[in-house]
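# Curious how this folds, go ahead:
(chains A, B and C)
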Amino acid sequence: MKIGELARKTGVSIRSLRYYERQKLIAPMRSDNGYREYSLLAVEQVKAIRLYMNLGFTTEQIAGFLHCVLQNKEAFCRDIVPVYESKITELDEQIQLLAMIKSNLEERVRSIFEERRMAEERAKGAMTHDHHHDDGR
DNA sequence: TTTCTTACA
DNA sequence: TGTAAGTA
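Next up, the predicted model:
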């Protein structure tokens, strides 16, 4: 099938399909006219690629274990485990970073309300205490 | 009409 | 990733 058909069957844009090829995730043949010719396997291949990209893996990482995954259904791919583990630690780091950003924002909100309270206190105090301001003379 | 490559208001 | 350009 040609790229247009594969795009329809997978829901992936033609642009992305060509990009995957550049990233060595798929290797379609070329017909005489230079058009990419995909086998029927391409459909599941692209779906697998989408799956791993959605899990946050880079195209480079995917290129590494894709073959094994497509044939052995992931269970017997030995070199895929370390990739998963590194991804997990990476996620832990991101979680920590996000936690810091979150607490930072929370702190900002607290200080805003704090300042507001102080300002309101000052305004209330000014009204109760009959302050006579001299005009200078 | 579809696909190809290259390049970017 | 989309899209325009100029082909084959």
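# The residue of chain A at minimum distance from DNA strand B: helix or strand, and which one exactly?
For chain A and DNA strand B, the shortest gap (Cβ to the nearest atom of the strand) falls at A:Gly4, measuring 2.1 Å. C-beta: built from backbone N, CA, C; applies to glycine. Take DSSP states H and E as the rule and A:Gly4 turns out to sit in helix A:3-10.
# For the helix or strand just after that helix, enumerate the helices and strands it packs against.
For helix A:3-10, the following helix or strand on the C-terminal side (DSSP H and E) is helix A:14-22. Here helix A:14-22 touches helix A:3-10, strand A:36-37, helix A:41-54, going by 3 or more Cβ pairs under 8 Å, 6 or more residues apart in numbering; DSSP states H and E.
# Summarise which helices and strands the first one is packed against.
So the one you mean is helix A:3-10. Contacts defined by 3+ Cβ pairs under 8 Å, 6+ apart place helix A:3-10 against helix A:14-22, helix A:41-54.
# Out of these, which is closest to A:Asn72?
Nearest to A:Asn72 among the helices and strands packed on helix A:3-10 is helix A:41-54 (12.1 Å), distances taken as Cβ to Cβ.
# in the closest one, what's buried?
A:Ala42, A:Gln45, A:Val46, A:Ala48, A:Ile49, A:Arg50, A:Tyr52, A:Met53 (16 or more other Cβ atoms under 10 Å).
# Need those in JSON lines (columns: pLDDT).
What follows is these, written out as JSON lines (pLDDT from 0 to 100):
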{"residue": "A:Ala42", "pLDDT": "97"}
{"residue": "A:Gln45", "pLDDT": "97"}
{"residue": "A:Val46", "pLDDT": "97"}
{"residue": "A:Ala48", "pLDDT": "96"}
{"residue": "A:Ile49", "pLDDT": "97"}
{"residue": "A:Arg50", "pLDDT": "97"}
{"residue": "A:Tyr52", "pLDDT": "95"}
{"residue": "A:Met53", "pLDDT": "96"}
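# near DNA strand B, which of those residues show up?
When Cβ under 7 Å from any atom of the strand is applied, no member of the buried residues of helix A:41-54 is adjacent to DNA strand B.
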